[in-house]
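Peer 1: After the sequence you'll find the predicted model.
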2 protein chains.
Amino acid sequence: MDEFAVIERFFRGRGAPRTDVRLGVGDDAAVVEPAPGTVLVLTTDTLVAGRHFPPAEFPPDALGRRALAVNLSDIAAMGAEPAWALLSLTLPEADETWLGAFADGFASLAETMGVALVGGNLSAGPLTICVTVAGQVEPGLVLTRSGAREGDALYVTGRLGGGAAGLRALRAGQPVESPQVRGYAFPQPRLKAGRRLAQHAHAAIDVSDGLLGDLSKLLAASGGLGADLSAAVIPLAPGAGPEDALGPSDDYELLVSLPQGAAEEVAGTLGCEWHRIGNVSAVPGIRLDGEAVAAEPLGYRHFQ
Amino acid sequence: MDEFAVIERFFRGRGAPRTDVRLGVGDDAAVVEPAPGTVLVLTTDTLVAGRHFPPAEFPPDALGRRALAVNLSDIAAMGAEPAWALLSLTLPEADETWLGAFADGFASLAETMGVALVGGNLSAGPLTICVTVAGQVEPGLVLTRSGAREGDALYVTGRLGGGAAGLRALRAGQPVESPQVRGYAFPQPRLKAGRRLAQHAHAAIDVSDGLLGDLSKLLAASGGLGADLSAAVIPLAPGAGPEDALGPSDDYELLVSLPQGAAEEVAGTLGCEWHRIGNVSAVPGIRLDGEAVAAEPLGYRHFQ
């Protein structure tokens, strides 16, 4: 099968059917109709074999799902609703079994989340998956990193450290379906939570480079604020230790800064766990149980 | 420099300033405002080192420009106006000279074409560049592959074969600025022509896999029509032979099907050369000077 046959067989018309798609896979570009009264949210993320996932151990259906999930997590962190996805897939050979599983994994999450696959392209080369997602949100409900205020409570969705712990377990031979690996292999984009939080939160960020690293970005974007965290209340994923939760870990949870009263009001309506981990402070820097945390490196960084 | 320093230094705020960008590079996702009364056109394309360009010979500024140009060509083929770009860059090391030249090449074309770079990401890995562009067009002016009609004239913008000839010359040691290489290294996205043609053409496609391959796609999408071409009138780029123009060649010109009268009317208003190469026929298949052209393979295909 050449690239056009692969696209036709595995990727055309996949994901959720949406009436706002005028032209999907098959022309020079896709054509979609934005909803009136919304602004557009755009994000792109690439997964590189051997860098973002271990290609030998990571099954193609989980990979297809994950490539979309990491982008949906960014859409969730903006308080937006995802609508359309583009998939640019580079792979060494057109193996039909691999492609079928990859496309099914991608499409199953897309269907669940109401996302239509509207375009993309396919090339021969080292395994690399670049996904772009466009979403929509009412202009007044855009959630950014930059609005945290002194005295806010800091919360996270779900549990942390599952990315680091899961990768370790996967490399140690645990199956993808095991509780330790599942958090890593099948991240749950917190779209419902993001939409709900957009009405209440001051700031939010997608925890994808580790809690401390992403918290420091949120605090910096909010004008150089600080934070006090309590280690005992940081929710740990199965198999994860505190260092997994704090350091680089592909968790794809939301870290949220909001007034304490609002946090209590939304609890139970987010579709996921919701834990307070600390407070925003006017004193710059991050303190864990009162001890300053080394400023660098706090999160995962390419080229270090 | 780690990835965040690279993004800050080379990529934040690049391209054209646009008042419809609410939030550019630096948050979980970009936020932009679509123009009322338009539909959105979305395209993505990846360049893989060694597959889409020879990394040793191809300078980074030309590569940055090209990565955007190939996407703008798809936007042009839809009759749309490009607005926002996302860049997902995977590269083995963060070399500052390389990055500066790459970013400058990308940004210079973006500025010329009115495109803002609003987001993206950076990873370590094999050199791969994935660009996504979103554009806008009035719903009644969307130009697709599927509207060609019997009796239409077939035209191309610019000259063909420059992609194949230029790659050959580059590999033979010719500099990027030489006339033979320039057509390959610096494709000109035909945005002005696409916008103008949207008001007159029945169908258009971006010639990026070779004239015969892309013509066959346009004819298939238009209900299985055929075409008669005349070899003598196919415009050849400097250094290109007829086989370069017909077969796989990264040309990024527009192939357009439209009534003969309309073609004459728009000539001179497109901002580029404009040549008739043949006619659309009700008889399926493509004929060159009356001789049937082998149906397969007509264009470049990955995984063959």
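Peer 2: Looks like it came in fine. Only a predicted model underlies this, so the values are computations on that prediction, with no experimental measurement involved. Numbering: from 1, shown residues only, chains lettered A, B, ... in the order given.

Peer 1: got the residue ranges for the helices in the stretch 201-304 of chain A?
Peer 2: With DSSP state H, counting those that start in this stretch as the definition, the stretch 201-304 of chain A shows helices at residue ranges A:211-221, A:242-246, A:260-266.

Peer 1: I'd like to know which of these lies nearest to A:E93.
Peer 2: When the helices of the stretch 201-304 of chain A are ranked by distance to A:E93, counting by CB to CB, first place goes to helix A:242-246 at 34.8 Å. Any C-beta I mention is one placed from the backbone N, CA and C, and that applies to glycine too.

Peer 1: returning to what we had before: between the helices of the stretch 201-304 of chain A, which gets nearest to B:G213?
Peer 2: Using CB to CB and comparing those, the one that lies nearest B:G213 is helix A:211-221, at 45.4 Å.

Peer 1: buried stuff in the closest one?
Peer 2: Across helix A:211-221, burial judged by 16 or more other CB atoms under 10 Å in any protein chain shown covers A:211-219, A:221.

Peer 1: coming back round to it: let me have the helices of the stretch 201-304 of chain A in CSV, extended by distance to B:A101.
Peer 2: What follows is the helices of the stretch 201-304 of chain A, written out as CSV (distance: least, CB to CB, whole Å):
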stretch, distance to B:A101
helix A:211-221, 28
helix A:242-246, 38
helix A:260-266, 47
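
Peer 1: Would you list the phi and psi of the residue nearest to A:D206 when sequence neighbours are not counted?
Peer 2: Distances taken as CB to CB, 6 or more residues apart in numbering or on different chains place A:A77 nearest to A:D206, at 3.9 Å, with adjacent residues excluded. Phi and psi for A:A77, reported as degrees, to the nearest 10, are phi -70, psi -20.

Peer 1: from what I can see A:A77 touches B:A29, true?
Peer 2: Yes. Applying CB atoms under 8 Å as the test, A:A77 and B:A29 come out as touching, 7.4 Å apart.

Peer 1: Neighbour count for these two, which is higher?
Peer 2: More crowded of A:A77 and B:A29, by other CB atoms under 10 Å in any protein chain shown: A:A77, with 35 against 29.

Peer 1: How about the contacts made by the more buried one?
Peer 2: When contacts are counted by CB atoms under 8 Å, 6 or more residues apart in numbering or on different chains, A:A77 is found next to A:143, A:194, A:204-206, A:254, B:28-29.

Peer 1: ok, it to B:E81 distance?
Peer 2: Here the distance between A:A77 and B:E81 works out to 29 Å (CB to CB, to the nearest Å).

Peer 1: Next: A:T44.
Peer 2: Noted for A:T44: a distance of 21 Å to B:E81, by CB to CB.

Peer 1: Repeat that for A:G213.
Peer 2: 38 Å.

Peer 1: likewise A:G119?
Peer 2: The value you get for A:G119 to B:E81, if CB to CB is used, is 18 Å.

Peer 1: what kind of secondary structure is the spatially most central residue of chain A in?
Peer 2: When chain A is reduced to its mean C-alpha position, the nearest residue by CA atoms, centre = their mean turns out to be A:S73, at 2.8 Å. Put simply, A:S73 is helix when judged by DSSP: H, G, I helix; E, B strand; the rest coil.

Peer 1: give the contact list for it.
Peer 2: Applying CB under 8 Å, 6+ apart to A:S73 gives the contacts A:187, A:189-190, A:206, A:208, A:252, A:254.

Peer 1: Would you mind checking those for buried ones?
Peer 2: Under a neighbour-count criterion of 16+ other CB under 10 Å, the subset of these counted as buried comprises A:187, A:189-190, A:206, A:208, A:252, A:254.

Peer 1: In strands, which of those residues appear?
Peer 2: Applying DSSP state E to the buried ones among the contacts of A:S73, the entries found in strands are A:206, A:254.

Peer 1: Looking at the buried ones among the contacts of A:S73, which is nearest chain B?
Peer 2: The shortest distance between chain B and any of the buried ones among the contacts of A:S73, using CB to the nearest CB, involves A:D206 and amounts to 5.0 Å.

Peer 1: Does the closest one touch A:L254 like I think?
Peer 2: Yes. The pair A:D206 and A:L254 passes the contact test of CB under 8 Å, sitting 6.4 Å apart.

Peer 1: shared neighbours of these two, which are they?
Peer 2: Residues touching both A:D206 and A:L254 comprise A:73, A:76-77, with contact defined as CB under 8 Å, 6+ apart.

Peer 1: Export these to TSV and append columns for pLDDT.
Peer 2: Output for these, formatted as TSV (pLDDT from 0 to 100):
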residue	pLDDT
A:S73	97
A:A76	98
A:A77	97
